[in-house]
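Student: Could you look at this predicted model? Sequence included:
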Amino acid sequence: MNKHQAIGICVFTQVVGVTQVTTASITCYMCTDDPMIGFPYDPACGDYSYSGRAETWDGADTCYITINEGGYMLRGIYVGQGHGDGDCTYGIGYTACYCKGGLCNTESYCSQCGYPMPTPGSSTTIETTTLTTTNPPTTDASTISPDTLTCYQCMGCSSVDSSTPVNSDTSYQSCVTTISLSSGYVIRGGSYDQHPDGECAQHTEIITCWCSTKDLCNDEDIHL
């Protein structure tokens, strides 16, 4: 079993493995664009405004989206308790976000969770917070084109070094670091949205900060 299959099975188990305890019902989009998962496959599932395959289940009131570290998306119905509208969870290799309301699991790339995917027309509210950071040794990026921004890209990485994966893209407008205040989980990546260098935004327990002054600027060691 490969990692994508394991993630898909883990999330699918969340959906079907909980005893129904309410008489509520909800309609959610259900699909994946990951060909390695046996969940209902739709190559358009990763579209921002997906409006394809949907199902209605009794005993549920929550839809979800998961995005794995390869960018593949899974949409479905969560049957259980404990997730409010806009909540985020982080697993090994994936980020999940939850919403309340019929067909609500579309027009979102879990941006409130800090996942580094472009969200058309996104906006953020600035809140003040304090993080203690230290800079690791500088990584040589002299071979990167001046028109390309290079960012660290990793999940669950509170610090970075020369072995940390990086990604370069001419469309990146900034590098981004996202921190869960409750768990200390850190996600780093590139963003296609423009943000002032040093801007930070907080959504519930999630803090996201952007930088754009240099390659690999999302290099802070995070200490909460």
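Tutor: Thanks, I have it.
Student: mean confidence for stretch 185-197?
Tutor: Stretch 185-197 shows a mean pLDDT of 81.
Student: which residues of the protein fall in helices?
Tutor: 3-16 (DSSP state H).
Student: how close does the nearest residue to S171 once chain neighbours are set aside get to P40?
Tutor: Spatial nearest neighbour of S171, excluding adjacent residues (CB to CB, 6 or more residues apart in numbering): Y192 at 5.4 Å. The C-beta positions use only the backbone N, C-alpha and C, and glycine is treated the same way. As judged by CB to CB, to the nearest Å, Y192 and P40 stand 28 Å apart.
Student: now the spatially most central residue of the chain: how far from S180?
Tutor: The C-alpha lying nearest the average C-alpha coordinate of the chain belongs to Y115 (CA atoms, centre = their mean; 2.7 Å). Per CB to CB, Y115 is found 12 Å from S180.
Student: try Y109
Tutor: Y109 sits at a distance of 17 Å from S180 (criterion: CB to CB).
Student: ok, now C99?
Tutor: Look at C99 and S180: by CB to CB, they are 18 Å apart.
Student: What values do phi and psi take at S182?
Tutor: phi -80, psi -40 (degrees, to the nearest 10).
Student: Point out where this protein drops to low pLDDT.
Tutor: 1-23, 38, 118-146, 203-204 (pLDDT under 70).
Student: how does it divide up, domain by domain?
Tutor: What automatic domain parsing lists as the domains of the chain is 3-108, 132-223.
Student: Now mean neighbour count too, for those, in TSV please.
Tutor: Shown next, in TSV, are those (neighbours: other CB atoms under 10 Å):
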stretch	mean neighbour count
domain 3-108	18
domain 132-223	17
